[in-house]
Each structure stands twice: as C-alpha cells, then as structure tokens.
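A.B. asks: This is a predicted model, with the sequence first.
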Amino acid sequence: AVHMRISSPPVTHPCFYGIDTDSQDQLIAATKSVQEIEAQIEVDSLAYLSWQGMLAATRQDTSTFCSACFTGDYPVDIPAMFKRSKLMLEKTPVKA
C-alpha cells in the first residue's frame, strides 16, 4: 500500500508574490478532489496538513504569514484579469 502525506495544505490558488505557480486551472488541488488526486497519482490514500495545523506548527504570530495560495484570501486586491491568467504578462513579448 502507498500512503502519501503532504506537509502543507493543498495549493489551490496561484501566488502573485514571488512563488512561480501556474494559473489556478493548472493546480491539481484546485480542480480535483482528494479522491480524484489519489486515483491520478495511483496511491491508496492521500492526506494534506490542514491550513490551521500548518500555522500552529510555526508557533509564531500567524497574522504575519501570507496563506493566499491555500485560501485564496490575498492580502491586497488582485484584479480579476490577473487572477484568471497569472502568467499572461510572461507570454507578452518584451520590446527592446
């Protein structure tokens, strides 16, 4: 039996603050249930650390952490255009 444990909550939203994540529709945890992911990666069970458990493990003031990639609650407003296509600016040719 193969049991997979992930030491973070599922990443369900793109990061706009320096972590190179794909758009939301490309994040497996944003588009599939835990059971669907188990089937896709062919494991007998899959479990993630909860968001609350991750924050509690830090033993720090959790108000200073950004957890938008887990919750979708960004510390600043992100325009809907960017939320839909995070990498749209990277696909635009740079003019010299």
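C.D. replies: Done, it's in. Numbers count the residues shown, from 1 in each chain.

A.B. asks: What helix or strand is the spatially most central residue of the chain located in?
C.D. replies: With distances taken as C-alpha atoms, centre = their mean, Val11 lies nearest the centre of the chain, 2.1 Å away. Secondary structure assigned from DSSP states H and E places Val11 in neither a helix nor a strand.

A.B. asks: i'd like the first residue to be 256 from this point on
C.D. replies: Happy to do that; since the first residue is 256 now, the last one works out to Val266.

A.B. asks: So it sits against Gly327, correct?
C.D. replies: No - Val266 is beyond contact range of Gly327, at 10.7 Å (criterion: C-beta atoms under 8 Å). Bear in mind the C-beta positions are built from the backbone N, C-alpha and C, glycine included.

A.B. asks: so where is this structure shaky, pLDDT-wise?
C.D. replies: Along the chain, segments meeting pLDDT under 70 span 338-351.

A.B. asks: rerun that using 80 as the cut-off
C.D. replies: Filtered on pLDDT under 80, the chain yields the residue ranges 273, 275, 277, 334-351.

A.B. asks: what about Ala302, helix or strand, and which?
C.D. replies: Following DSSP H and E, one finds Ala302 within strand 300-303.

A.B. asks: Then Phe325?
C.D. replies: Assigned by DSSP H and E, Phe325 falls in helix 323-326.

A.B. asks: Show me which residues of that helix are buried.
C.D. replies: Buried residues in helix 323-326, counted by 16 or more other C-beta atoms under 10 Å: Ala323, Cys324, Phe325.

A.B. asks: Tell me, how many residues neighbour the nearest residue to Phe271 once chain neighbours are set aside?
C.D. replies: Spatial nearest neighbour of Phe271, chain neighbours left out: Ile333 (5.8 Å); criterion: C-beta to C-beta, 6 or more residues apart in numbering. Ile333 has 15 neighbouring residues, counting by other C-beta atoms under 10 Å.

A.B. asks: ok so Phe337 is a helix residue?
C.D. replies: Yes - looking at Phe337 with DSSP: H, G, I helix; E, B strand; the rest coil, it is inside a helix.

A.B. asks: I figured it was touching Phe271, is that so?
C.D. replies: Yes - under the criterion of C-beta under 8 Å, Phe337 makes contact with Phe271 at 7.0 Å.
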